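>>> Sequence first, predicted model second:
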Protein chains: 2
Amino acid sequence: MGGNTLKLAETSGAETGAKASPKPDRRRAPETAARILDAAESLFSQRGFYGVSLRDIATEAGVQVALTHYHFGSKDDLFRAVIDRRADEHADGMAQTLAQAVTLAGSRTDRRRAIIRAFITPIVDRSMRGGPGWKNYIRLMALVANLPQGEAFVSPFRQHFDDLIAAYVHALHALHPEMDEGDVHWCFFFFQAMTTHILVESGMLDRQSGGRFSSSDLDAMVDRLVDFVAAGFTGLGAGGD
Amino acid sequence: MGGNTLKLAETSGAETGAKASPKPDRRRAPETAARILDAAESLFSQRGFYGVSLRDIATEAGVQVALTHYHFGSKDDLFRAVIDRRADEHADGMAQTLAQAVTLAGSRTDRRRAIIRAFITPIVDRSMRGGPGWKNYIRLMALVANLPQGEAFVSPFRQHFDDLIAAYVHALHALHPEMDEGDVHWCFFFFQAMTTHILVESGMLDRQSGGRFSSSDLDAMVDRLVDFVAAGFTGLGAGGD
DNA sequence: GTCTATAATGGGATAGAC
DNA sequence: GTCTATCCCATTATAGAC
């Protein structure tokens, strides 16, 4: 996220100087809103909703504090705007990946692994290869998912993704009708719990292993996670091939 | 950050005679400190460090705001005091449970399950049967464990528990020398991730299942979690009996 | 040794300049 | 339609009363 891609606004309002171009400032408005969103996305994903002030966001974006109110309204509204900006693209992409996975042929074990992989892969792909904004966005989603219920500002997240999760659970139960429906829910819940914890980058594995192993290498993590979850299903009654 | 560890009872006025004040009805200092800790513990565990103000804590405790500073110093110091109050008892109890588990006889599968159970059981027991303060404390631990690295106020938590985790990992690797050490770390990391997510009570399972299943019934959860994790180990190379 | 009154700053939000 | 100057209140922390 280089900060030198454009000139920052002049901080002193006294001397604007006579410019050749008549209205150069008009072009800054759309970019201002995007920069506020980028800064909010980055900071919220690091310290959470309460840990970030609108001042922090404005400073990071290089704009006045009140511009956050002008463009997005209240702090709650800004948070919602951050989530909304990428939510549809993310949810649609995951739904497509799931739709492809359920059409695959193979043993039930293979198909189970394909559905599991169809959950974690699009998330990791966006985090690692979607650009800096996506990395922050994914971490924010994970952070929010790890919050206690009753936090008002997390409702936009729930709204966007709960239906999507139901589709994954349904696909897995259709593949394993011998499993109790509750157990399928539990298995996928466990899966989500691991996923969100990893994506929030707590650094727990790194610390506890004395730095020999790192959970920030997401590509190396995916294979282990899929192996672990696929095997975990058998512990709750998933049959073999 | 060099505050001494405070040993304060949980809303118990057992130490009223320490000062022998002529008007003990107005001098309720020991109880005041404990009530501040109780209030801080409860509120921090619900909304996190930044989501709670010293005003909130003082109001909940029924005392003046500045008393939090008098008894505990800064907000950071108060947070540390909340963690320190129960950390030793909790960590020692878990270490004892682990020590008992590793002495058990049986198949390797049984012994693996015993060690896994020796992690989750003392946590759930304290949360559900240790009293209201313990329930809040456990949730606070889980909340803190799910925070991104780089948050300064989480260091007391790490200090207390990282060594304990290493002991669990070591016990599991000793039981499964055929596993790669990194894979053991990863398996236990996955296990911790699930545990902390459940204990933070995100309500995700409840919502996504339309209320038909609930992750707040911890006793019902433990068996499923142990089954899932024990099976998960086999996915990363753990041998059978 | 405990607590009250008050300070000094940072918080989110608004009215109006351009 | 964009942005600046300003507001009022909540926040943490301290100084001093008892």
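Yep, it's here.
>>> Quick one: the helices in chain A, in order.
Counting by DSSP state H, chain A forms helices over residues A:28-47, A:54-61, A:66-72, A:75-102, A:108-129, A:132-145, A:155-175, A:181-199, A:204-208, A:218-235, given from the N-terminal end onward.
>>> okay, those, which one's buried deepest?
Burial of those is given as mean neighbour count (mean count of other Cβ atoms under 10 Å in any protein chain shown); helix A:181-199 ranks first at a mean of 24. Any C-beta I mention is one placed from the backbone N, CA and C, and that applies to glycine too.
>>> if we can go back for a sec, dump the helices of chain A to JSON lines, plus distance to DNA strand D.
What follows is those, written out as JSON lines (distance: least, Cβ to the nearest atom of the strand, whole Å):
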{"stretch": "helix A:28-47", "distance to DNA strand D": "3"}
{"stretch": "helix A:54-61", "distance to DNA strand D": "9"}
{"stretch": "helix A:66-72", "distance to DNA strand D": "3"}
{"stretch": "helix A:75-102", "distance to DNA strand D": "13"}
{"stretch": "helix A:108-129", "distance to DNA strand D": "29"}
{"stretch": "helix A:132-145", "distance to DNA strand D": "20"}
{"stretch": "helix A:155-175", "distance to DNA strand D": "21"}
{"stretch": "helix A:181-199", "distance to DNA strand D": "27"}
{"stretch": "helix A:204-208", "distance to DNA strand D": "26"}
{"stretch": "helix A:218-235", "distance to DNA strand D": "35"}
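>>> Double-check residue A:149 against residue B:203; I have them as touching.
Yes. Contact criterion Cβ atoms under 8 Å: residue A:149 and residue B:203 qualify, at 3.3 Å.
>>> Settle it for me: which of the two has more neighbours?
Neighbours around residue A:149 and residue B:203, counted as other Cβ atoms under 10 Å in any protein chain shown, are more numerous at residue B:203. The numbers are 19 against 15.
>>> got the contact list for the more buried one?
When contacts are counted by Cβ atoms under 8 Å, 6 or more residues apart in numbering or on different chains, residue B:203 touches A:148-149, B:215-216.
>>> Most widely separated two among these?
The largest distance within the contacts of residue B:203, taken as Cβ to Cβ, falls between A:148 and B:215 and amounts to 11.9 Å.
>>> what's the distance between the residue nearest to the spatial centre of chain A and residue A:41?
Closest residue to the average C-alpha location of chain A: residue A:138 at 1.9 Å, with Cα atoms, centre = their mean. Between residue A:138 and residue A:41 the distance is 10 Å, computed by Cβ to Cβ, to the nearest Å.
>>> Show me the shaky parts of chain A.
Applying pLDDT under 70 to chain A flags residues A:1-30.
>>> Outline the domain layout of it.
Segmentation of chain A into domains, based on automatic domain parsing, reads A:25-72, A:86-235.
>>> Out of those, flag the one nearest DNA strand C.
Across these, the minimum distance to DNA strand C, taken as Cβ to the nearest atom of the strand, is reached by domain A:25-72, at 2.9 Å.
>>> does any part of stretch A:115-129 sit near chain B?
No. Stretch A:115-129 lies out of reach of chain B by Cβ under 8 Å from any Cβ of the partner chain, never closer than 10.8 Å.
>>> what do you get for stretch A:66-79?
No. With Cβ under 8 Å from any Cβ as the threshold, stretch A:66-79 lies outside contact range of chain B, at a closest distance of 12.7 Å.
>>> Now find how far off-centre that stretch is within its chain.
Distance of stretch A:66-79 from its chain centroid, counting by Cα atoms, centre = their mean, to the nearest Å, is 21 Å.
>>> what's the answer for stretch A:215-232, then?
That offset, for stretch A:215-232, works out to 18 Å (Cα atoms, centre = their mean).
>>> residue contacts, residue A:226?
Listed by Cβ under 8 Å, 6+ apart, the contact set of residue A:226 reads A:113, A:116-117, A:120.
>>> which of those residues sit farthest apart?
Checked with Cβ to Cβ, these reach their widest spread between A:113 and A:120, with 10.9 Å between them.
>>> Distance of residue A:193 relative to chain B?
Relative to chain B, residue A:193 is positioned 3 Å away (criterion: Cβ to the nearest Cβ, to the nearest Å).
>>> That residue and residue B:191 touch, don't they?
No. Counting by Cβ under 8 Å, residue A:193 sits too far from residue B:191 to count as a contact (10.3 Å).
>>> So which of residue A:148 and residue B:215 has more stuff around it?
Each of residue A:148 and residue B:215 had its neighbours counted (other Cβ under 10 Å), and the higher figure belongs to residue B:215 (25 against 19).
>>> And that one, how far from residue B:140?
Taking Cβ to Cβ as the measure, residue B:215 and residue B:140 are separated by 18 Å.
>>> just residue A:182 next, same as before
Using Cβ to Cβ, residue A:182 is found at 28 Å from residue B:140.
>>> residues in contact with residue A:151?
Applying Cβ under 8 Å, 6+ apart, we find residue A:151 in contact with A:49, B:47, B:51.
>>> Check residue A:173 too.
Applying Cβ under 8 Å, 6+ apart to residue A:173 gives the contacts A:179, A:181, A:184.
>>> And the residues you listed, which is closest to residue A:171?
Using Cβ to Cβ, the shortest approach to residue A:171 within the contacts of residue A:173 belongs to residue A:184, at 9.8 Å.
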